[in-house]
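1. Here is a sequence with its predicted model. Questions after.
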Amino acid sequence: MRQRSWLVGSLALLCILALMMTVAVAEDPKRGGTLRVAYGNKISHLDFHTAPGYEMMWVAMNIGCGLVNITPDGEFVGDAAESWELSDDYLTWTFKLKDGVKFHDGSAVDANAVKFSIDRLMDPETKSGMRRFYAAVKSVDVVDPLTVKVNMNEPYAFFLHMLAGYRTGLVLYSPDATAKAELKARKQGKAGAVVGCGPFQLVEWVPNDHLIMDRFDSYHFEGRP
């Protein structure tokens, strides 16, 4: 009898816990507040196209945005790109960009910015460690402000994976902001020098101490972050 009472009590407790978890999951997320994350790895610098190692990508994926992302189950989804298509000969990728996507400085994320970013990665003078992954890219053409074509030297089945990849992922750069700030200032993470189009914008970086980011209220995914 005591065993049965214990089982009934246990089942009741489990039901209450399950109900509490269901209610907690059903609640809408609340905006605001401060999230602190311990990060034990050293970040070399904040020029995302040239910084070595995986460590800086934790920052780049919060401050920056790209053309496409990839979900945990392997599905490609648009980031700054609304849609994309591959030509029948597998040599031309055409990306249609979302209208109204902005960099943190208010400038437009347009076809010129996409071309500028890929050309910068491919330029030997940039000395990007990711340059070799773009070897299959022949050229980038601006069709109109919201359409860009990437021409390939040969078919490259890994192209979308590369654009969305953790280390090889394309981080779009503002041509205006890049021209205004010296490379040294961007590497040092100076305010206004590191300009992205991601969910957070850089406020301050003190190497080996802290890095502060603020929510970007004009982020192109409504209601996020």
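-> Structure's in. What do you need? Numbers count the residues shown, from 1 in each chain.
2. Okay, residue 37 and residue 212: tell me how far apart.
-> Residue 37 sits 11 Å away from residue 212 when distances are taken as CB to CB, to the nearest Å. Every residue, glycine included, has its C-beta placed from N, CA and C.
3. Pull the contacting residues for residue 138.
-> Counting by CB atoms under 8 Å, 6 or more residues apart in numbering, residue 138 touches 151, 152, 153.
4. Could you check how far it is from residue 95?
-> In this view, residue 138 and residue 95 are 16 Å apart by CB to CB.
5. related to what we said a few turns ago, mind putting the contacts of residue 138 into JSON lines with pLDDT, distance to residue 166 and neighbour count?
-> Shown next, in JSON lines, are the contacts of residue 138 (pLDDT from 0 to 100; distance: CB to CB, whole Å; neighbours: other CB atoms under 10 Å):
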{"residue": "151", "pLDDT": "98", "distance to residue 166": "25", "neighbour count": "13"}
{"residue": "152", "pLDDT": "98", "distance to residue 166": "22", "neighbour count": "18"}
{"residue": "153", "pLDDT": "97", "distance to residue 166": "25", "neighbour count": "11"}
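6. Output the residues you listed as CSV; include the columns distance to residue 105 and secondary structure.
-> CSV is the format used below for these (distance: CB to CB, whole Å; DSSP: H, G, I helix; E, B strand; the rest coil):
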residue, distance to residue 105, secondary structure
151, 29, strand
152, 31, strand
153, 34, coil
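7. Buried residues in stretch 128-142, which are they?
-> Buried residues in stretch 128-142, defined by neighbour count with 16 or more other CB atoms under 10 Å: 128, 130, 131, 133, 134, 136, 137, 140, 142.
8. ok, now stretch 115-127?
-> Using 16+ other CB under 10 Å as the test for burial, stretch 115-127 gives 115, 116, 117, 118, 120, 121, 122, 126.
9. Which stretches in the protein count as strands?
-> Along the chain, the segments classed as strands by DSSP state E run 68-70, 76-78, 81-86, 92-97, 137-144, 147-152, 200-206, 210-215.
10. buried set for the second one?
-> Residues of strand 76-78 classed as buried: 76, 78 (neighbour count, 16+ other CB under 10 Å).
11. how close does residue 86 get to residue 194?
-> Relative to residue 194, and taking CB to CB, residue 86 is found at 33 Å.
12. Actually, residue 80.
-> Counting by CB to CB, the gap from residue 80 to residue 194 is 17 Å.
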